[in-house]
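Participant: task: produce atomic coordinates for the following.
(one chain, ligands or ions: 2)
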Amino acid sequence: MGAGKTTAARAVGLPVVDSDELVEETAGKTIAEIFSDDGEGAFREREADAIVLALGGGAVTSPSVRDALDDALTVWLDVDVDTCWERVRGSDRPLAQDETAFRRLYEERRALYAEVADVVARDVHDVVLAAAGVHVERGALRKLGELLPGDGPVALVSDPHVAGIHGMDAQLSLGARLAQTHELPPGEEAKTLIALDRLWQELRLDRRGTIVALGGGCTTDAAGYAASAYLRGIPWVPVATSLVAQVDAAIGGKTGIDLPQGKNLVGAFHWPARTVIDPALLETLPEAQRREGLSEVVKTGLLAGEPLWELPDDELVRRCAAFKAAVCLRDPRDQGERKMLNLGHTFAHALETAAAYQGITHGRAVALGLLAALRLSGRDTAVVEELLRPSPVKVDRERVWEALLRDKKGALRLVLLGDDGPTWDVEVPAEDVRRELDRLIAS
Ligand SMILES: NC(=O)c1ccc[n+]([C@@H]2O[C@H](COP(=O)([O-])OP(=O)(O)OC[C@H]3O[C@@H](n4cnc5c(N)ncnc54)[C@H](O)[C@@H]3O)[C@@H](O)[C@H]2O)c1
Ligand SMILES: [Zn+2]
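Facilitator: Ligands and ions are numbered 1, 2, ... in the order given. Have a look, this model is predicted:
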């Protein structure tokens, strides 16, 4: 510190990237604020992840560049030669003047790309997933052992139901690294202090250990939180098995448990060391659970401005996961754009709270919430109505309204969907919110 690094670097006359400035820019706050809000650990994480370098296509022909890539996450964007040629032909790029030479170069360099690549990506969505540490692949469960970072022991945590269906495959693929298996209670019961107390007492891992959470969002939320606090934080890997977990819960590092006073009231941001998503596991998911996830898929598609819900499962999951990963990478601590992921959720949470979480599932509440958010945004609601068929719930109107106001404390700021995409923290007049909320309730 104070040695004059930046000044000296500028004196060299080459482009200079100051990592402190990059960290401040991506965090949206000063280094002093990062230290005081999030601690030095969070700053060091950001510092280590500060740069994404778009490396020229021929750079890997230099051995020194290949060496330097050893310590970086290197992603090979593997696009077919015809597409590449279409994109560059007629440009002034010196090595793209002659098609035959261009194709030869493409073939020559492939071996080098394969040598340096940690991940092979087909498109921008794959690149984002790689940057977030998310691996989406049919059959990934059977490769779990290979996909897991590090080489320390593993504690496998699951719910009894998922353990019965997919536990054996997970155990086999973890092989010799599997040190212990644990079960959390099914459903929301997993997200309680009692369940975590038991898990923490059973765990026998040192700091080299990893917690692998095999299951839906309840398992991943609870086990991820267990990992965030055990020995002051050890790595964890969610293996998402439900649609909710694959498109939402297992991505972005939010972990936590519930209190009697409300859901997700205690938790931590603890980014997974890797997230493993195997869309084939959805084949054993009951239809009702699939519908739960479909509400989040429709939400994601609306935010992305693309009908992601029309895609076949594998692609649907990949695209939804990539969308959430991108938002969370840009705003890991939920201080800006990550808030858009709450589209429809203010209404949903109020309905769930007023019904005391009985008789209305989160998915159904979100379907209704999306309806209200779209109406307030002046948008067509056909997609939500056709896909999610939201039906009004029987709850006490005043209780829902109170729950919504308590949740919002002060001005009613919502996520809305404009023509240019989502906006958040939009102040909406109370009477408009109340009117749309009332339409969601059966008389
Ligand atoms: N952390 C986040 O960012 C985030 C985001 C969204 C939701 N969540 C949380 O996720 C939770 C809901 O997740 P969920 O809906 O996955 O609940 P869940 O974990 O209870 O799973 C739902 C049910 O499906 C079963 N199941 C899961 N995978 C299966 C499979 N492949 N085959 C057969 N059965 C399977 C489970 O045993 C369970 O009975 C909520 O607590 C919510 O708060 C967290
Ligand atoms: Zn949700």
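
Participant: check contacts around the residue nearest the centre of the chain.
Facilitator: Centroid-nearest residue in the chain, with CA atoms, centre = their mean: residue 251, separated by 2.5 Å. By CB atoms under 8 Å, 6 or more residues apart in numbering, the contact set of residue 251 is 132, 134, 275, 321, 324-325, 328. (Each C-beta comes from the backbone N, C-alpha and C, glycine too.)

Participant: which helix or strand contains residue 416?
Facilitator: Assigned by DSSP states H and E, residue 416 falls within strand 413-418.

Participant: mind listing the strands for the stretch 1-150 of the chain?
Facilitator: 75-77, 119-121, 134-136 (DSSP state E, counting those that start in this stretch).

Participant: the closest residue to the residue nearest to the centre of the chain other than its chain neighbours: neighbour count?
Facilitator: Distances taken as CB to CB, 6 or more residues apart in numbering place residue 324 nearest to residue 251, at 4.7 Å, with adjacent residues excluded. Summarising burial for residue 324: neighbours were counted as other CB atoms under 10 Å, giving 25.

Participant: if I've got this straight, residue 324 is in a helix?
Facilitator: Yes. According to DSSP: H, G, I helix; E, B strand; the rest coil, residue 324 belongs to a helix.

Participant: tell me what angle the helix or strand residue 423 falls within forms with strand 413-418.
Facilitator: Assessed by DSSP H and E, residue 423 sits inside strand 421-427. Interaxial angle, strand 421-427 versus strand 413-418 (axes from the mean of the first three to the mean of the last three CA atoms, to 10 degrees): 150 degrees.

Participant: got the contact list for the helix or strand that strand 421-427 is followed by?
Facilitator: Using DSSP H and E, the helix or strand that directly follows strand 421-427 along the chain is helix 430-439. Contacts to helix 430-439, defined as CB under 8 Å, 6+ apart, come from residues 347, 350, 371-372, 375-376, 392, 397, 400-401, 404, 412, 414.

Participant: okay, these in TSV with neighbour count and secondary structure next?
Facilitator: TSV is the format used below for those (neighbours: other CB atoms under 10 Å; DSSP: H, G, I helix; E, B strand; the rest coil):
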residue	neighbour count	secondary structure
347	24	helix
350	26	helix
371	21	helix
372	26	helix
375	17	helix
376	20	helix
392	14	coil
397	14	helix
400	23	helix
401	18	helix
404	21	helix
412	17	coil
414	26	strand
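
Participant: out of those residues, who's nearest residue 269?
Facilitator: Using CB to CB, residue 414 is the member of these that lies nearest residue 269, at 23.5 Å.

Participant: now do the contacts for the closest one.
Facilitator: With CB under 8 Å, 6+ apart, residue 414 has these contacts: 346, 373, 376, 424, 426, 428, 433.

Participant: again with residue 194
Facilitator: Listed by CB under 8 Å, 6+ apart, residue 194 has no contact partners.

Participant: quick check: closest non-adjacent residue to the residue of the stretch 1-150 of the chain at minimum distance from ligand 1.
Facilitator: As assessed by CB to the nearest ligand atom, ligand 1 sits closest to residue 141 within the stretch 1-150 of the chain, at 9.8 Å. Once flanking residues are discounted, residue 141 sits nearest to residue 278: 4.5 Å by CB to CB, 6+ apart.

Participant: got it, and residue 270?
Facilitator: Spatial nearest neighbour of residue 270, chain neighbours left out: residue 228 (3.6 Å); criterion: CB to CB, 6+ apart.

Participant: swap in residue 17?
Facilitator: Per CB to CB, 6+ apart, closest to residue 17 is residue 51, 6.5 Å.

Participant: and the strands in the stretch 201-350 of the chain?
Facilitator: Using DSSP E, counting those that start in this stretch, strands in the stretch 201-350 of the chain cover 210-215, 236-240, 254-259, 262-269, 275-277.

Participant: using PDB, list the CA coordinates for the second one.
Facilitator: Taking only C-alpha atoms (Å, rounded to 0.1, in the frame of the first residue of the first chain), the coordinates of strand 236-240 have been written out as PDB:
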ATOM      1  CA  TRP A 236     -20.600 -26.500  -0.400                       C
ATOM      2  CA  VAL A 237     -22.100 -27.900  -3.600                       C
ATOM      3  CA  PRO A 238     -25.800 -27.900  -4.200                       C
ATOM      4  CA  VAL A 239     -27.000 -30.800  -6.500                       C
ATOM      5  CA  ALA A 240     -30.400 -29.400  -7.400                       C
END
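
Participant: sweet, I'm off.
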